[in-house]
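>>> just a sequence and a predicted model for now, questions to come.
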Amino acid sequence: MKESICEFAKESEVRNEQWQRHAAVCGDCREVLRTVEWMKTLAATTSQHRDTPAPGYLVFKARLQARVSDVDRAALPVNVMAIAAGIFLIVATAISVGFGGETRFGSIMVEALFLLSTYVTVILFAVVLVIGICGTVVYLSDSKTVKGNKL
Amino acid sequence: MEDRLFETIYEHTARPLWAYIARMTDDAPAADDILQETYLRFLRSSSRPSDAVEAKRLIYTIATNLVYDRFRKLKRRGETDIAETELETSCNVESEVEMMQVFSRLKEQERVLLWLAYVEGYDHVQIARIANVSRLSVKVLLFRARKKLAALMEGGN
């Protein structure tokens, strides 16, 4: 690289009168000065009268996004548990249907399902209760994080 | 961050930042989107500085990263030739259009460095932090960019 040979050729010195006098006789500095002037003109011609959003709107939107991400984060364990339970049920059903009486595990699963079906009311009640508890926990943790979240 | 402090920072930085993003992207609607996303990320940032100078530097860093992300996306899609948009239509004088055409012939990194150095007046250390390049590279790249711009201004290739 051919580095600028003039030590004065620094962008920060552009407004310095002494530097500007020097630039009249120095090629490198003249180039810097010309570039700076050109860039300033370009910046001035770029439409700066365009409407930008109100700062209050941005603050509101940022808070809203933070709240949504907090809710998502709080609900993550519940969602993971729900997915894991769903996968387990699907696998268990597939095994029990596919290998009903042929394998030991399959026959145990069939027996277990048969046994569970006699307590279907109790199980439904328990499921509703668990969902209610999880919902309450998520709601409470969400309201705590939102209160504590000040941007 | 206090709302009033943010409002002050926003009022001082929003329009110059829009001009910077618009010049880098050559796309006014994209500049609107990037501007908004920049401030949203700034507000959600956990390491928000309280003084205005550092806040401005962080805002320009976020904006520069978003501009580079956009370049990468366009390159991946094969849209290397960025369409001229309403930025051009806002210009009435022919020489202004020519200036914009000259500037758009520079590489994205060259445009970023030239703008940060000569319009925003950042020094090499600050440019290195904003554009995520080493301090020594800034010096070299800026020198080359300036030479290239000078050649383009002369009407060369």
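Structure's in. What do you need? Computed from a predicted structure; not experimentally measured.

>>> and the average pLDDT for the top helix by length along chain B is what?
In chain B, with assignment by DSSP state H, the single longest helix is helix B:52-77. Helix B:52-77 shows a mean pLDDT of 90.

>>> all helices of chain B, in order?
B:3-25, B:28-44, B:52-77, B:86-89, B:94-104, B:108-114, B:124-131, B:135-154.

>>> of all those, which lies closest to A:Asp72?
helix B:28-44 (13.9 Å; CB to CB). All C-beta spots, glycine's among them, are computed from the backbone N, C-alpha and C.

>>> that closest one and chain A in contact?
Yes. For helix B:28-44, a contact with chain A is found by CB under 8 Å from any CB of the partner chain, at B:28, B:32, B:35-36, B:39-40, B:43-44.

>>> using the record's domain definitions, break the chain down for me.
If you meant another chain, say so; for now it's chain A. The record's domain parsing of chain A by automatic domain parsing lists A:11-45, A:55-148.

>>> ah, no, chain B please
According to automatic domain parsing, the ranges for chain B are B:1-90, B:93-157.

>>> helices or strands up against the host helix or strand of A:Ile133?
Per DSSP states H and E, A:Ile133 falls inside helix A:120-148. Judged by 3 or more CB pairs under 8 Å, 6 or more residues apart in numbering or on different chains; DSSP states H and E, the packing partners of helix A:120-148 are helix A:55-98.

>>> what average pLDDT does the very next helix or strand once past the helix it packs on get?
Heading C-terminal from helix A:55-98, the first helix or strand you meet, by DSSP H and E, is helix A:104-118. Averaged over helix A:104-118, pLDDT sits at 74.

>>> how far does helix A:104-118 sit from the chain's center?
A distance of 43 Å separates the centroid of the chain from that of helix A:104-118, by CA atoms, centre = their mean, to the nearest Å.

>>> and if you look at stretch A:66-75?
10 Å.

>>> do stretch A:71-82 as well
Relative to where its chain is centred, stretch A:71-82 has its mean C-alpha point 15 Å off (CA atoms, centre = their mean).

>>> nearest residue to B:Thr61 in space, please, no chain neighbours.
Distances taken as CB to CB, 6 or more residues apart in numbering or on different chains put B:Ile130 closest to B:Thr61, at 4.8 Å, once the chain neighbours are dropped.

>>> what distance do you get for the most far-flung residue of chain A relative to its centre to A:Trp19?
In chain A, the residue that sits farthest from the middle, by CA atoms, centre = their mean, is A:Val25; the gap is 54.8 Å. Applying CB to CB, to the nearest Å, the value for A:Val25 to A:Trp19 is 12 Å.

>>> tell me which of the domains of chain A is the most buried.
domain A:11-45 (a mean of 16; mean count of other CB atoms under 10 Å in any protein chain shown).

>>> quick one: average pLDDT of that domain?
77.

>>> next, see if that domain gets close to chain B.
Yes. For domain A:11-45 and chain B, the contact criterion (CB under 8 Å from any CB) is met by A:11-12, A:31-32, A:34-36, A:38-43, A:45.
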